[in-house]
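[1] everything below, folded, please.
(one chain, ligands or ions: 1)
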Amino acid sequence: MADTKHTKVLIIGSGPAGYTAGVYAARAMLEPILVQGIEPGGQLTTTTEVENYPGFTEVQGPDLMIKMQEHAAAMGCKIVGDIITELDISKRPFQALGDSGTHYTAEAIILATGARAKWLGIASEEKFKGFGVSACATCDGFFYRGQEIVVIGGGNTAVEEALFLTKFASKVTLIHRRDELRAEKVLQDRLFKNDKIVPMWFNTLEEVYGSDMPLGVEGIKAKNVKTGKITDIPCKGVFIAIGHAPANELLVDKLELHNGGYVLVEPGSTRTSVPGIFASGDLTDHVYRQAVTSAGMGCMAALDAEKFLSEQD
Ligand SMILES: Cc1cc2nc3c(=O)[nH]c(=O)nc-3n(C[C@H](O)[C@H](O)[C@H](O)COP(=O)(O)OP(=O)(O)OC[C@H]3O[C@@H](n4cnc5c(N)ncnc54)[C@H](O)[C@@H]3O)c2cc1C
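    Numbers count the residues shown, from 1 in each chain. Down below sits the predicted model:
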(Lines give C-alpha, C1' and ligand atoms only; values in the text may rest on other atoms or scores of the structure.)
Protein backbone atom coordinates (compact mmCIF):
# COMPACT_ATOMS: atom_id res chain seq x y z
CA MET A 1 0.00 0.00 0.00
CA ALA A 2 1.28 3.51 -0.87
CA ASP A 3 2.80 5.45 1.99
CA THR A 4 1.00 8.69 2.95
CA LYS A 5 2.68 11.48 4.90
CA HIS A 6 0.73 14.43 6.24
CA THR A 7 2.39 17.66 7.32
CA LYS A 8 1.39 21.21 8.12
CA VAL A 9 4.09 22.50 5.75
CA LEU A 10 5.59 20.67 2.81
CA ILE A 11 8.78 22.25 1.49
CA ILE A 12 9.70 21.28 -2.07
CA GLY A 13 13.38 21.85 -2.84
CA SER A 14 16.65 21.64 -0.93
CA GLY A 15 18.61 24.73 -2.01
CA PRO A 16 19.25 27.72 0.28
CA ALA A 17 15.55 28.70 0.08
CA GLY A 18 14.25 25.24 1.01
CA TYR A 19 16.66 24.60 3.89
CA THR A 20 16.17 28.08 5.35
CA ALA A 21 12.39 27.58 5.18
CA GLY A 22 13.01 24.26 6.95
CA VAL A 23 14.90 25.95 9.79
CA TYR A 24 12.21 28.59 10.33
CA ALA A 25 9.21 26.27 9.91
CA ALA A 26 10.69 23.73 12.31
CA ARG A 27 11.43 26.41 14.90
CA ALA A 28 7.81 27.57 14.53
CA MET A 29 6.75 24.01 15.54
CA LEU A 30 5.17 23.35 12.15
CA GLU A 31 6.94 19.95 11.83
CA PRO A 32 7.81 20.51 8.17
CA ILE A 33 8.70 17.82 5.67
CA LEU A 34 11.28 18.89 3.07
CA VAL A 35 11.56 16.92 -0.18
CA GLN A 36 15.05 17.30 -1.64
CA GLY A 37 14.49 16.59 -5.32
CA ILE A 38 16.97 15.33 -7.85
CA GLU A 39 19.73 17.73 -6.74
CA PRO A 40 20.03 17.65 -2.93
CA GLY A 41 21.56 20.99 -1.92
CA GLY A 42 20.56 22.70 -5.18
CA GLN A 43 22.68 24.76 -7.56
CA LEU A 44 25.50 25.54 -5.13
CA THR A 45 26.49 21.89 -5.15
CA THR A 46 27.64 22.44 -8.74
CA THR A 47 30.20 25.11 -7.88
CA THR A 48 33.45 25.36 -5.95
CA GLU A 49 34.32 28.54 -3.98
CA VAL A 50 31.52 30.73 -2.68
CA GLU A 51 32.86 34.04 -1.37
CA ASN A 52 29.68 36.04 -0.87
CA TYR A 53 27.64 34.10 1.66
CA PRO A 54 27.73 36.07 4.93
CA GLY A 55 29.69 34.36 7.67
CA PHE A 56 32.00 32.56 5.27
CA THR A 57 34.94 34.39 3.70
CA GLU A 58 35.25 31.38 1.47
CA VAL A 59 33.37 28.10 1.51
CA GLN A 60 32.94 25.30 -1.00
CA GLY A 61 29.36 25.29 -2.35
CA PRO A 62 28.69 21.61 -1.49
CA ASP A 63 30.06 22.11 2.06
CA LEU A 64 27.80 25.12 2.62
CA MET A 65 24.78 23.12 1.53
CA ILE A 66 25.65 20.21 3.84
CA LYS A 67 25.81 22.71 6.71
CA MET A 68 22.40 24.10 5.75
CA GLN A 69 20.93 20.59 5.56
CA GLU A 70 22.37 19.69 8.98
CA HIS A 71 21.02 22.94 10.41
CA ALA A 72 17.49 22.29 9.13
CA ALA A 73 17.57 18.69 10.36
CA ALA A 74 18.90 19.75 13.79
CA MET A 75 15.95 22.13 14.18
CA GLY A 76 13.53 19.25 13.52
CA CYS A 77 12.82 19.54 9.80
CA LYS A 78 12.19 16.07 8.33
CA ILE A 79 14.31 15.76 5.18
CA VAL A 80 13.21 13.22 2.58
CA GLY A 81 15.13 12.04 -0.48
CA ASP A 82 12.30 12.08 -3.01
CA ILE A 83 11.20 14.01 -6.11
CA ILE A 84 7.72 15.50 -6.40
CA THR A 85 6.22 14.40 -9.71
CA GLU A 86 2.63 15.63 -9.35
CA LEU A 87 1.04 18.44 -7.43
CA ASP A 88 -2.65 19.17 -6.78
CA ILE A 89 -3.13 22.62 -5.28
CA SER A 90 -6.76 23.04 -6.31
CA LYS A 91 -8.00 22.43 -2.75
CA ARG A 92 -6.68 21.93 0.78
CA PRO A 93 -5.15 19.79 2.04
CA PHE A 94 -2.83 20.06 -0.93
CA GLN A 95 -1.62 16.80 -2.44
CA ALA A 96 1.77 15.89 -3.83
CA LEU A 97 2.98 12.63 -5.26
CA GLY A 98 6.60 11.56 -4.86
CA ASP A 99 8.63 9.54 -7.33
CA SER A 100 8.99 6.99 -4.50
CA GLY A 101 5.21 6.43 -4.55
CA THR A 102 4.71 8.39 -1.33
CA HIS A 103 1.64 10.66 -1.18
CA TYR A 104 2.21 13.88 0.69
CA THR A 105 -0.67 15.94 2.01
CA ALA A 106 -0.09 19.41 3.42
CA GLU A 107 -1.96 22.39 4.82
CA ALA A 108 0.56 24.74 3.22
CA ILE A 109 3.34 24.31 0.67
CA ILE A 110 6.59 26.22 0.26
CA LEU A 111 7.88 25.97 -3.28
CA ALA A 112 11.67 26.26 -3.54
CA THR A 113 12.47 24.36 -6.73
CA GLY A 114 14.94 26.98 -7.99
CA ALA A 115 16.00 27.72 -11.52
CA ARG A 116 18.58 26.53 -13.99
CA ALA A 117 20.97 28.50 -16.07
CA LYS A 118 20.65 27.48 -19.69
CA TRP A 119 23.82 25.94 -21.11
CA LEU A 120 24.94 25.36 -24.67
CA GLY A 121 25.47 21.66 -24.09
CA ILE A 122 28.92 21.27 -25.66
CA ALA A 123 31.45 18.87 -24.12
CA SER A 124 34.22 21.42 -23.40
CA GLU A 125 31.71 23.73 -21.66
CA GLU A 126 30.84 20.85 -19.33
CA LYS A 127 34.52 20.00 -18.76
CA PHE A 128 35.42 23.50 -17.54
CA LYS A 129 32.19 24.32 -15.65
CA GLY A 130 33.28 25.77 -12.31
CA PHE A 131 36.89 26.01 -13.59
CA GLY A 132 36.62 29.05 -15.85
CA VAL A 133 33.19 28.44 -17.37
CA SER A 134 30.36 30.06 -15.42
CA ALA A 135 26.76 31.16 -15.83
CA CYS A 136 26.79 33.75 -13.05
CA ALA A 137 28.79 36.98 -13.31
CA THR A 138 27.69 38.19 -9.86
CA CYS A 139 29.00 34.94 -8.37
CA ASP A 140 32.26 34.54 -10.27
CA GLY A 141 33.22 37.88 -11.88
CA PHE A 142 35.46 38.78 -8.94
CA PHE A 143 37.77 35.85 -9.76
CA TYR A 144 38.74 37.47 -13.09
CA ARG A 145 40.24 40.77 -11.98
CA GLY A 146 42.49 42.18 -14.71
CA GLN A 147 41.86 39.22 -17.04
CA GLU A 148 40.23 38.80 -20.42
CA ILE A 149 36.75 37.29 -20.47
CA VAL A 150 34.30 36.07 -23.07
CA VAL A 151 30.50 36.34 -22.71
CA ILE A 152 28.19 34.28 -24.91
CA GLY A 153 24.68 35.56 -25.73
CA GLY A 154 22.75 38.51 -27.08
CA GLY A 155 19.80 39.10 -24.75
CA ASN A 156 19.39 41.09 -21.54
CA THR A 157 21.26 38.49 -19.50
CA ALA A 158 24.32 38.62 -21.76
CA VAL A 159 24.47 42.41 -21.92
CA GLU A 160 23.95 42.82 -18.16
CA GLU A 161 26.63 40.22 -17.43
CA ALA A 162 29.07 41.80 -19.91
CA LEU A 163 28.56 45.26 -18.37
CA PHE A 164 28.95 43.91 -14.84
CA LEU A 165 32.11 42.01 -15.77
CA THR A 166 33.83 45.19 -17.00
CA LYS A 167 34.26 46.10 -13.31
CA PHE A 168 36.82 43.30 -13.08
CA ALA A 169 38.01 42.29 -16.54
CA SER A 170 40.55 44.07 -18.70
CA LYS A 171 38.51 43.15 -21.81
CA VAL A 172 35.15 41.47 -22.42
CA THR A 173 34.43 39.91 -25.81
CA LEU A 174 30.70 39.48 -26.37
CA ILE A 175 30.02 36.66 -28.81
CA HIS A 176 26.64 36.62 -30.49
CA ARG A 177 25.35 34.52 -33.36
CA ARG A 178 23.53 37.46 -35.01
CA ASP A 179 24.61 41.02 -35.79
CA GLU A 180 22.13 42.65 -33.46
CA LEU A 181 21.27 42.20 -29.82
CA ARG A 182 17.89 41.24 -28.37
CA ALA A 183 18.64 43.18 -25.18
CA GLU A 184 16.67 46.31 -24.25
CA LYS A 185 17.86 49.44 -26.05
CA VAL A 186 19.01 51.16 -22.86
CA LEU A 187 21.29 48.21 -22.09
CA GLN A 188 22.59 48.17 -25.64
CA ASP A 189 23.46 51.87 -25.38
CA ARG A 190 25.46 51.23 -22.23
CA LEU A 191 27.21 48.31 -23.85
CA PHE A 192 28.22 50.20 -27.01
CA LYS A 193 29.56 53.09 -24.93
CA ASN A 194 31.77 50.79 -22.87
CA ASP A 195 35.31 50.67 -24.26
CA LYS A 196 36.12 47.40 -22.52
CA ILE A 197 33.43 45.44 -24.42
CA VAL A 198 34.16 44.18 -27.91
CA PRO A 199 31.16 42.58 -29.71
CA MET A 200 31.92 39.73 -32.09
CA TRP A 201 28.96 39.25 -34.43
CA PHE A 202 27.83 36.14 -36.33
CA ASN A 203 29.86 33.85 -34.10
CA THR A 204 29.12 30.92 -31.81
CA LEU A 205 31.19 29.14 -29.21
CA GLU A 206 32.82 26.16 -30.86
CA GLU A 207 35.12 24.99 -28.08
CA VAL A 208 36.60 25.99 -24.73
CA TYR A 209 40.20 24.90 -24.24
CA GLY A 210 42.63 25.01 -21.35
CA SER A 211 44.92 23.10 -19.03
CA ASP A 212 44.11 19.84 -17.30
CA MET A 213 46.46 20.15 -14.31
CA PRO A 214 45.18 22.32 -12.74
CA LEU A 215 41.91 22.43 -14.67
CA GLY A 216 41.49 25.94 -16.07
CA VAL A 217 40.42 27.86 -19.16
CA GLU A 218 43.04 29.37 -21.48
CA GLY A 219 40.84 30.40 -24.39
CA ILE A 220 38.01 29.62 -26.75
CA LYS A 221 37.49 28.95 -30.41
CA ALA A 222 34.64 30.92 -31.96
CA LYS A 223 33.04 29.88 -35.25
CA ASN A 224 31.65 32.36 -37.76
CA VAL A 225 28.16 31.10 -38.67
CA LYS A 226 28.38 32.61 -42.18
CA THR A 227 31.91 31.69 -43.26
CA GLY A 228 32.79 28.83 -40.92
CA LYS A 229 36.03 30.63 -40.00
CA ILE A 230 37.43 29.69 -36.59
CA THR A 231 38.88 32.48 -34.43
CA ASP A 232 41.04 31.78 -31.41
CA ILE A 233 40.39 34.08 -28.42
CA PRO A 234 42.70 33.70 -25.40
CA CYS A 235 40.77 34.29 -22.15
CA LYS A 236 40.57 33.06 -18.57
CA GLY A 237 36.80 33.13 -18.09
CA VAL A 238 33.81 32.19 -20.23
CA PHE A 239 30.35 33.31 -19.15
CA ILE A 240 27.43 31.54 -20.79
CA ALA A 241 24.62 34.09 -20.63
CA ILE A 242 21.77 32.66 -22.68
CA GLY A 243 19.14 32.91 -19.96
CA HIS A 244 17.64 31.04 -17.03
CA ALA A 245 14.66 28.75 -16.76
CA PRO A 246 12.72 28.47 -13.49
CA ALA A 247 11.90 24.89 -12.39
CA ASN A 248 8.14 25.42 -12.71
CA GLU A 249 7.10 22.15 -14.37
CA LEU A 250 4.82 21.24 -11.46
CA LEU A 251 3.10 24.61 -11.50
CA VAL A 252 2.21 25.54 -15.07
CA ASP A 253 -1.53 26.39 -15.31
CA LYS A 254 -1.88 26.07 -11.52
CA LEU A 255 -0.34 29.34 -10.35
CA GLU A 256 0.20 32.76 -11.87
CA LEU A 257 3.61 32.97 -13.51
CA HIS A 258 5.38 35.95 -15.07
CA ASN A 259 8.63 37.06 -16.72
CA GLY A 260 9.13 33.84 -18.64
CA GLY A 261 7.74 31.39 -16.09
CA TYR A 262 8.85 32.68 -12.67
CA VAL A 263 6.20 32.28 -9.95
CA LEU A 264 4.44 35.58 -9.27
CA VAL A 265 4.30 36.59 -5.62
CA GLU A 266 2.66 39.55 -3.94
CA PRO A 267 5.27 42.31 -3.59
CA GLY A 268 7.13 42.09 -0.29
CA SER A 269 5.85 38.60 0.46
CA THR A 270 6.06 35.01 -0.77
CA ARG A 271 2.29 34.63 -1.21
CA THR A 272 1.38 33.25 -4.63
CA SER A 273 -1.95 33.45 -6.43
CA VAL A 274 -3.14 30.37 -4.48
CA PRO A 275 -3.69 30.94 -0.73
CA GLY A 276 -1.53 28.54 1.27
CA ILE A 277 1.10 28.16 -1.48
CA PHE A 278 4.28 30.17 -0.98
CA ALA A 279 7.19 30.56 -3.38
CA SER A 280 10.79 31.40 -2.58
CA GLY A 281 14.26 31.60 -4.06
CA ASP A 282 15.24 31.50 -7.71
CA LEU A 283 11.85 30.04 -8.64
CA THR A 284 10.29 33.44 -8.08
CA ASP A 285 13.32 35.72 -8.55
CA HIS A 286 14.41 36.63 -12.04
CA VAL A 287 16.53 39.54 -10.79
CA TYR A 288 18.94 38.72 -7.95
CA ARG A 289 19.37 34.91 -8.12
CA GLN A 290 21.76 34.59 -5.19
CA ALA A 291 22.11 32.09 -2.36
CA VAL A 292 21.64 34.75 0.30
CA THR A 293 18.52 36.25 -1.31
CA SER A 294 17.10 32.74 -1.76
CA ALA A 295 17.77 31.97 1.89
CA GLY A 296 16.06 35.25 2.82
CA MET A 297 13.00 34.32 0.80
CA GLY A 298 12.96 30.86 2.39
CA CYS A 299 12.74 32.58 5.77
CA MET A 300 9.92 34.84 4.51
CA ALA A 301 8.02 31.83 3.12
CA ALA A 302 8.13 29.98 6.44
CA LEU A 303 6.95 33.09 8.32
CA ASP A 304 4.19 33.66 5.74
CA ALA A 305 3.12 30.00 6.00
CA GLU A 306 3.04 30.19 9.79
CA LYS A 307 0.84 33.30 9.65
CA PHE A 308 -1.46 31.68 7.09
CA LEU A 309 -1.88 28.53 9.19
CA SER A 310 -2.53 30.46 12.40
CA GLU A 311 -5.26 32.44 10.59
CA GLN A 312 -6.87 29.16 9.45
CA ASP A 313 -6.92 27.87 13.03
C1 LIG B 1 27.65 27.39 -10.93
C2 LIG B 1 26.91 28.31 -9.98
C3 LIG B 1 27.61 29.08 -9.09
C4 LIG B 1 26.93 29.93 -8.23
N5 LIG B 1 27.66 30.65 -7.34
C6 LIG B 1 27.02 31.44 -6.46
C7 LIG B 1 27.75 32.20 -5.50
O8 LIG B 1 28.97 32.17 -5.47
N9 LIG B 1 27.03 32.96 -4.63
C10 LIG B 1 25.66 33.03 -4.64
O11 LIG B 1 25.07 33.71 -3.81
N12 LIG B 1 24.95 32.34 -5.56
C13 LIG B 1 25.58 31.56 -6.45
N14 LIG B 1 24.87 30.87 -7.39
C15 LIG B 1 23.42 31.04 -7.42
C16 LIG B 1 22.77 30.21 -6.29
O17 LIG B 1 23.25 28.90 -6.37
C18 LIG B 1 21.26 30.23 -6.44
O19 LIG B 1 20.80 31.58 -6.42
C20 LIG B 1 20.59 29.48 -5.30
O21 LIG B 1 21.09 28.17 -5.21
C22 LIG B 1 19.09 29.41 -5.48
O23 LIG B 1 18.59 28.73 -4.38
P24 LIG B 1 17.15 28.06 -4.40
O25 LIG B 1 16.98 27.48 -3.04
O26 LIG B 1 16.15 29.01 -4.89
O27 LIG B 1 17.19 26.90 -5.49
P28 LIG B 1 18.27 25.86 -6.01
O29 LIG B 1 19.59 26.00 -5.38
O30 LIG B 1 18.16 25.94 -7.48
O31 LIG B 1 17.65 24.49 -5.54
C32 LIG B 1 16.48 23.98 -6.09
C33 LIG B 1 16.11 22.72 -5.37
O34 LIG B 1 14.83 22.28 -5.80
C35 LIG B 1 14.86 20.88 -5.92
N36 LIG B 1 13.77 20.49 -6.82
C37 LIG B 1 13.56 20.89 -8.10
N38 LIG B 1 12.47 20.25 -8.59
C39 LIG B 1 12.00 19.45 -7.59
C40 LIG B 1 10.91 18.53 -7.50
N41 LIG B 1 10.10 18.28 -8.52
N42 LIG B 1 10.74 17.87 -6.32
C43 LIG B 1 11.54 18.13 -5.27
N44 LIG B 1 12.59 18.98 -5.31
C45 LIG B 1 12.81 19.63 -6.47
C46 LIG B 1 16.25 20.58 -6.45
O47 LIG B 1 16.60 19.23 -6.21
C48 LIG B 1 17.08 21.55 -5.62
O49 LIG B 1 17.40 20.96 -4.40
C50 LIG B 1 25.52 30.01 -8.27
C51 LIG B 1 24.81 29.22 -9.16
C52 LIG B 1 25.47 28.38 -10.02
C53 LIG B 1 24.71 27.52 -11.00
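[2] how about the helix or strand hosting Thr293, does it reach the ligand?
    Using DSSP states H and E, Thr293 sits within helix 291-312. Yes - interface with the ligand: helix 291-312 contributes Ala291, Val292, Ser294 (C-beta under 6 Å from any ligand atom). Yep, even glycine has a C-beta here, placed from its N, CA and C like the rest.
[3] relative to the whole chain's centre, how far out is that helix?
    Centroid separation for helix 291-312 versus its chain: 19 Å, with C-alpha atoms, centre = their mean, to the nearest Å.
[4] what residues does it touch?
    Helix 291-312 has contacts (C-beta atoms under 8 Å, 6 or more residues apart in numbering) with 8-9, 15-25, 28, 30, 32, 44, 50, 52-54, 64, 68, 107-108, 110, 112, 114, 269-271, 275-276, 278-282, 284-285.
[5] show the buried residues in the residues of helix 291-312 next to the ligand.
    Among those, those classed as buried by 16 or more other C-beta atoms under 10 Å are Ala291, Ser294.
[6] ok, Val240 touching Ala135?
    In this structure residue 240 is Ile, not Val. Yes - shown here, Ile240 and Ala135 form a contact pair, counting by C-beta atoms under 8 Å, at 5.1 Å.
[7] which residue, other than its chain neighbours, is closest to the residue nearest the centre of the chain?
    Nearest to the geometric centre of the chain sits Ala115, at 4.2 Å (C-alpha atoms, centre = their mean). Distance criterion C-beta to C-beta, 6 or more residues apart in numbering; nearest residue to Ala115, sequence neighbours excluded, is Asp282 at 3.8 Å.
[8] kindly report the same for Thr4.
    Spatial nearest neighbour of Thr4, excluding adjacent residues (C-beta to C-beta, 6+ apart): His103 at 4.5 Å.
[9] same thing with Tyr24?
    Ala302 (3.4 Å).
[10] partner strands of the helix or strand hosting Leu205, with direction?
    Following DSSP H and E, the helix or strand that holds Leu205 is strand 203-212. Within its sheet, strand 203-212 is paired with strand 215-224 (antiparallel), according to DSSP bridges.
[11] please point out which parts of the strand it pairs with sit buried.
    Val217, Gly219, Ile220, Ala222, Lys223, Asn224.
[12] just the strands in the stretch 1-150 of the chain please.
    4-12, 33-35, 49-50, 59-60, 78-80, 84-88, 94-98, 103-111, 115-117, 133-134, 148-152 (DSSP state E, counting those that start in this stretch).
[13] list, one by one, the residues from this structure near the ligand.
    12-18, 35-40, 42-44, 46-47, 50, 52, 83-84, 112-115, 117, 135-136, 139, 247, 250, 281-283, 289-292, 294.
[14] and the buried ones among those residues, selectable in PyMOL?
    Paste this into PyMOL to select the buried members of those, with burial taken from 16+ other C-beta under 10 Å:
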select buried, resi 12+13+14+15+16+17+18+35+36+37+39+40+42+43+44+47+50+84+112+113+114+115+117+135+136+139+247+250+281+282+283+289+290+291+294
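[15] the residues of the chain next to the ligand in helices, which ones?
    Counting by DSSP state H, the members of the residues of the chain next to the ligand that fall within helices are Pro16, Ala17, Gly18, Cys139, Ala291, Val292, Ser294.
[16] would JSON lines of the residues you listed with distance to Ser211 and pLDDT be doable?
    Output for those, formatted as JSON lines (distance: C-beta to C-beta, whole Å; pLDDT from 0 to 100):
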{"residue": "Pro16", "distance to Ser211": "32", "pLDDT": "98"}
{"residue": "Ala17", "distance to Ser211": "36", "pLDDT": "98"}
{"residue": "Gly18", "distance to Ser211": "37", "pLDDT": "98"}
{"residue": "Cys139", "distance to Ser211": "22", "pLDDT": "87"}
{"residue": "Ala291", "distance to Ser211": "29", "pLDDT": "96"}
{"residue": "Val292", "distance to Ser211": "32", "pLDDT": "97"}
{"residue": "Ser294", "distance to Ser211": "33", "pLDDT": "98"}
